[in-house]
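> let's see this in three dimensions:
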Amino acid sequence: MRTRLLCLLLLLSASLIYAACDEKLSTLSGPTPELEPRFASIQANIFESSDTTGRQACTACHTSVGRNPSGGLNLDHDVAYQNLVRVASRGKPGVMRVLPGDADSSYLIHKIAGAPDIAGRRMPTGGPPFLSDGQIFILRRWIATGARQD
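Model (predicted):
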């Protein structure tokens, strides 16, 4: 009986700890509640879509449809991943647009956060509105966990 009670208390404690640590990404992502740290989600919710703040979709400028993509970065659906991951930036030579496992060294993060070391302007250039801190956090998580094409 005593062992059973102890096991029950341990299970209850573990459940409470798990629930406390479970962060809801939808509360972080703000204007894009469906955003997840997966490439397909980022493509659909950030690159190809505007959001409730009025932020423009990235593909408004970064497309080859009827124009040369801004900065040579085409984020159209079928080529976005190949144009981002392990590809050198045109605006800042020697820096990768997305370096899997290293969000701090990924130029994409610098550009959308408006870091002081960027060439040109913060993205999107039509902002504000810019990406929210939560949206940037989710992009950073995708990169930090390997920037897989999932």
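> what is the least confident helix or strand in this structure?
One helix or strand of the chain scores below all others by mean pLDDT, DSSP states H and E: helix 2-21, with a mean of 46.
> residue ranges of the helices in the chain, please?
Per DSSP state H, the chain carries helices over the ranges 2-21, 25-28, 39-42, 80-84, 107-113, 133-144.
> any idea of the mean pLDDT in the fourth one?
Read that as helix 80-84. Taken as a whole, helix 80-84 has a mean pLDDT of 97.
> the third one now?
For helix 39-42, mean pLDDT rounds to 97.
> just checking, what packs against that helix?
Applying 3 or more C-beta pairs under 8 Å, 6 or more residues apart in numbering; DSSP states H and E, we find helix 39-42 packed against helix 133-144. C-beta here means a position set from N, CA and C on the backbone, and glycine is covered the same way.
> pull out the buried positions in the helix it packs on.
Residues of helix 133-144 classed as buried by neighbour count (16 or more other C-beta atoms under 10 Å): 134-140, 142-144.
> got it, and stretch 124-132?
Using 16+ other C-beta under 10 Å as the test for burial, stretch 124-132 gives 124, 127, 130-132.
> average model confidence for it?
For stretch 124-132, mean pLDDT is 91.
> check the offset of that stretch from the chain's centre.
14 Å (C-alpha atoms, centre = their mean, to the nearest Å).
> other residues contacting stretch 58-78?
Stretch 58-78 is contacted from outside by 43, 46-48, 80, 83-84, 89-91, 97, 120, 123-126, using C-beta atoms under 8 Å, 6 or more residues apart in numbering.
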